[in-house]
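In: requesting a structural model of the entry that follows:
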Amino acid sequence: MELTLEIFVLLFFVAGLAGFIDAIAGGGGLLTVPALLSVGIPPAQVLATNKLQSSFGSFSASLYFVRNGLVKLKDMRLAIACTFTGSAIGALLVQHIDAGILTSLIPLLLIFVSLYFLFSPNIGKPQGDPKLSEAMFAFAVGTSIGFYDGFFGPGTGSLFTICFVAIAKFGLVEATARTKILNFTSNIAALTFFIIAGLPIWKLGLIMAIGGFIGARLGAHIVINKGQKFIRPMVIIMSMIMAIKLLWEQHPQWFQFAL
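Out: So this is what the prediction gives:
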């Protein structure tokens, strides 16, 4: 494997676009993971390098949201702790158990997410009292989705967002801001174990991280200024794309029959 200047430049821009999309609706890995695989990097190093670069993107968006007052870290301390723990456990267990059952369920969940956002008319604004206490939300949602991100990953942002909207009853902009905080948390937890294993390609990952950081900052700016009018269609589109991609990988015969 030879990483040329052209590859570095290409992946820099791919990461920038992925960071932009990820800050708004999640799903940036749909661009970066195939791009990394296409240049001949082994899958284990692809996952590790992708976590490295995506951590910078999620940090960039999180920092922007915090600085603009959309979320206070002290209000999310328990959720952050639960998400970190869940992601760490997932990153450890994925090395020892079959992910087949989980990968089969996720496309269905993502289709549900897209339909929920499509057919819920009042999704942009807070909708009454939360269905779970703050502590229960942190333990149930933070731990479980954090585990999923460390274990598998695609669609994490969409899953966090719908939980903040449907369960915690936040408006869509506030839900997106909180999603990026927990997304960054789960990224860092999983990345820690990849670093211990010596898997990330640091030079490439850091170049992509710069692109992702810039893209995520632009995406976060769009979230604050455009709000639900931009976030809602992006969540629907990215959730459906991720679901179709996963179904294609799991059941290619379905699509051959359709064609």
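
In: for the closest residue to P43 other than its chain neighbours, what is the enclosing helix or strand?
Out: Closest residue to P43 apart from its sequence neighbours, by CB to CB, 6 or more residues apart in numbering: L37 at 7.0 Å. C-beta here means a position set from N, CA and C on the backbone, and glycine is covered the same way. Assigned by DSSP states H and E, L37 belongs to helix 29-38.

In: C-terminal to that helix, what's the next element?
Out: helix 43-67.

In: mind giving me the packing neighbours of that following helix?
Out: helix 5-24, helix 29-38, helix 172-196, helix 202-226 (3 or more CB pairs under 8 Å, 6 or more residues apart in numbering; DSSP states H and E).

In: ok, D129 - contacts?
Out: By CB atoms under 8 Å, 6 or more residues apart in numbering, the residues touching D129 are K169.

In: from F137, how far out is it?
Out: For D129, the distance to F137 equals 12 Å [CB to CB, to the nearest Å].

In: which regions of the stretch 151-259 of the chain lie under the pLDDT threshold?
Out: Counting by pLDDT under 70, the stretch 151-259 of the chain shows low-confidence ranges at 228, 257-259.

In: before we move on, what about the stretch 1-150 of the chain?
Out: Counting by pLDDT under 70, the stretch 1-150 of the chain shows low-confidence ranges at 1, 94-103, 121-127.

In: how about 50 then?
Out: Counting by pLDDT under 50, the stretch 1-150 of the chain has no low-confidence residues at all.

In: ok, the nearest residue to A23 once chain neighbours are set aside - contacts?
Out: Among residues not flanking A23 along the chain, G219 sits closest, at 2.9 Å (CB to CB, 6+ apart). G219 sits next to G19, F20, I21, D22, A23, I24, A61 when contact means CB under 8 Å, 6+ apart.

In: list the contacts for the fourth one?
Out: By that I understand D22. The contact partners of D22, taken as CB under 8 Å, 6+ apart, are G28, G29, S54, G57, S58, A61, G157, N183, G212, G215, A216, G219.

In: write the PyMOL selection for whichever of the residues you listed are buried.
Out: Once 16 or more other CB atoms under 10 Å is used to decide burial, the buried members of the contacts of D22 can be selected in PyMOL as follows:
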select buried, resi 28+29+54+57+58+61+157+183+212+215+216+219
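
In: closest to K226 out of the contacts of D22?
Out: Of all these, G219 has the smallest distance to K226: 10.3 Å, by CB to CB.
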